[in-house]
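Sequence and predicted structure are below.
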Amino acid sequence: MVTHGSHWTLRSAEPADAARLAELSAQLGYAATATDMVRRLTLLAGDDHSAVFVAESDVEGIVGWLHVGRRQGLLTEPDAEIHALVVDERRRGAGVGSALVRAAEAWARERGCASLRVRCNVIRTAAHAFYRSLGFNCSKRQDVLDKLLAGP
Ligand SMILES: CC(C)(COP(=O)(O)OP(=O)(O)OC[C@H]1O[C@@H](n2cnc3c(N)ncnc32)[C@H](O)[C@@H]1OP(=O)(O)O)[C@@H](O)C(=O)NCCC(=O)NCCS
């Protein structure tokens, strides 16, 4: 646990955090139920290549969360990627997001990752400014192509 003044601390997420993580996920534009989140958090708890950190205020509870993963590639040395990051819209601009990213960076360094990446939708221009302020630079732009596999 890392303490930031008397206001909030960072710790690893637990299944009991699921409902609040789901609420914040909706602010990111990804609807999820608490049940979905319990299932996913439980699966990730057993995955050494993944971590979920939360920022928790003693007054307001969880005010932000981040999911980071390590990937062993064939083309490249191991790297890490921020899969999701959201700070409660009422608590933005208070350093919560940058503390979560620094925690992800430390986690990735400890696991021998050569870099930390985030793929950020082009419409999230504020988030781009946020990441640039933390030393991230745009290395390329891509189209994302999905094929739905559900169904018979
Ligand atoms: C992006 C986000 C995670 C930033 O979290 P935060 O707690 O508000 O960020 P911080 O307070 O740690 O900001 C750190 C620095 O980033 C920059 N920054 C943060 N928000 C910014 C904004 N809206 N516009 C420009 N710069 C910004 C500033 O340089 C800031 O430093 P300062 O406080 O000295 O000005 C948060 O705004 C958020 O949850 N946004 C919606 C979801 C999202 O876009 N997530 C990222 C998806 S990839």
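Looks like it came in fine.

Name the nearest residue to the closest residue to the ligand within the chain, sequence neighbours excluded.
Sorted by distance to the ligand under Cβ to the nearest ligand atom, the residues of the chain start with residue 97, at 2.2 Å. Where you see a C-beta, it was placed from the backbone N, CA and C, and this is true even at glycine. Sequence neighbours aside, residue 87 is the residue nearest to residue 97 in space, at 4.8 Å (criterion: Cβ to Cβ, 6 or more residues apart in numbering).

so that neighbour makes contact with residue 98?
No: under the contact definition of Cβ atoms under 8 Å, residue 87 does not touch residue 98, with a separation of 9.6 Å.

what is the mean pLDDT for the longest helix along the chain?
In the chain, with assignment by DSSP state H, the single longest helix is helix 96-110. Helix 96-110 shows an average pLDDT of 98 in the prediction.

By neighbour count, which bits of it are buried? Give me those.
For helix 96-110, burial by neighbour count (16 or more other Cβ atoms under 10 Å) applies to 96-97, 99-101, 103-105, 107-108.

likewise stretch 13-30?
Of the residues in stretch 13-30, those with enough neighbours to count as buried (16+ other Cβ under 10 Å) are 13, 17-18, 20-22, 24-25.
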